[in-house]
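**Q** Take a look and give me a structure for this.
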Amino acid sequence: MDFLEELGTLKKQVLIKDSFNIPEHFDNIVISGMGGSGIVGKLFSELYHSKPVICLDDYNVPDFVGENTVFIGISYSGNTEETISCTNQALKKGSHVFIVTSGGELSRMGKERVIIPSGLQPRSAIGYMLMPLLNTFLHLDAGKRDILSGLIEDVDLHHEEASKLGKEIALEKKIPVIYGFSPFRYVAYRWKTQFNENSKLMAVNNYFPELNHNDTMSLRDTYLKDDFFFITFGGSYGKISRRIDATEKVTSTRFFKVTPLGNDDLEKMFYLIHFGDYMSLETAISRGMDPRDVSSIEDLKKLIK
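**A** The predicted structure follows:
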């Protein structure tokens, strides 16, 4: 399966019904995951607000993790050492441990497991990994999943803007600077990592309003400013939209704005995720890069064994 075919599976991924039987009472949710698996918890944290959600991308869990914690370990391969380490610690602390994986060591751990199809790049399996969390905590029904699938299919069929943008970044040798904001802070981060892995391109990420307390000071007069391509999200978002306009004016910087389609934050999130998939794919193609190649990451793993 080539990378374009992988992207085409997302509309099927969001149709899965898998969920967990979580306890009626719990204090917090802790989600462990790295890279293309770890983005799942971060995206979920922007949609679920009933309980604290803490995302881990390291080897250790916080001291507060215990019997009243819902712990979710997510690793597409099931062999991510940081996630296995955190999962073992959560089990020892008596947490309610749930697993999302396609196999590996993690598939033998936890109270409940959702086993998802293998054969994809982890970053291409985002739907398989995210939907069990959304189904469990946001109680998505079949109708909502169908809407998400149809929206994603529309991007599959009509991604001309994304491809044009990706090609422009490549041909003009630009470094993408992606500025997000809630509830799309981690969509912006996802775009950064897609440029990193798919396009083999350095990228920068920050978010409003925080960046108005730091990045703003460097935007007008920074070195090599013409080497950057600034992107944010369009639409009407109250104070954030005013901040974006003011930042452009004060710093004499033009932001390319991508306006998501959809009727709510969840639908817009998936639209933007898939837009970024096609944008980074076109950048890879235009640069002559194989979007599936992660050899440097695999070489690093061998060196630290």
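**Q** Keeping just the C-alphas, turn stretch 290-305 into CSV.
**A** Provided in CSV are the C-alpha atoms of stretch 290-305 (Å, rounded to 0.1, in the frame of the first residue of the first chain):
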residue,chain,number,x,y,z
ASP,A,290,9.3,9.1,0.1
PRO,A,291,6.6,9.9,2.6
ARG,A,292,6.7,6.4,4.1
ASP,A,293,10.5,6.5,4.8
VAL,A,294,11.3,6.7,8.5
SER,A,295,14.7,5.1,8.3
SER,A,296,16.4,7.7,10.5
ILE,A,297,13.9,7.0,13.3
GLU,A,298,14.5,3.2,12.9
ASP,A,299,18.2,3.7,12.9
LEU,A,300,18.0,5.7,16.1
LYS,A,301,16.0,2.9,17.8
LYS,A,302,18.6,0.3,16.9
LEU,A,303,21.4,2.5,18.4
ILE,A,304,19.6,2.9,21.8
LYS,A,305,18.6,-0.7,22.3
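**Q** Could you give me the buried positions within it?
**A** Pro291, Arg292, Val294 (16 or more other CB atoms under 10 Å). Glycine gets a C-beta too; all of them are placed from N, C-alpha and C.
**Q** the domain parsing of the protein - what is it?
**A** Using automatic domain parsing, the domain parsing of the chain gives 3-141, 158-287.
**Q** Out of the ones you listed, which is closest to Gly150?
**A** Set against Gly150 and scored by CB to CB, the domains of the chain come closest in domain 3-141, at 7.8 Å.
**Q** So which residues of the stretch 51-200 of the chain form helices?
**A** 81-92, 126-137, 142-157, 160-171, 185-199 (DSSP state H, counting those that start in this stretch).
**Q** Among those helices, which comes closest to Glu5?
**A** helix 142-157 (10.9 Å).
**Q** Show me what the closest one packs onto, helices and strands only.
**A** Judged by 3 or more CB pairs under 8 Å, 6 or more residues apart in numbering; DSSP states H and E, the packing partners of helix 142-157 are helix 10-13, helix 265-287.
**Q** among these, which is the most enclosed?
**A** helix 265-287 (a mean of 23; mean count of other CB atoms under 10 Å).
**Q** any idea of the mean pLDDT in that helix?
**A** Mean pLDDT, computed over helix 265-287, is 98.
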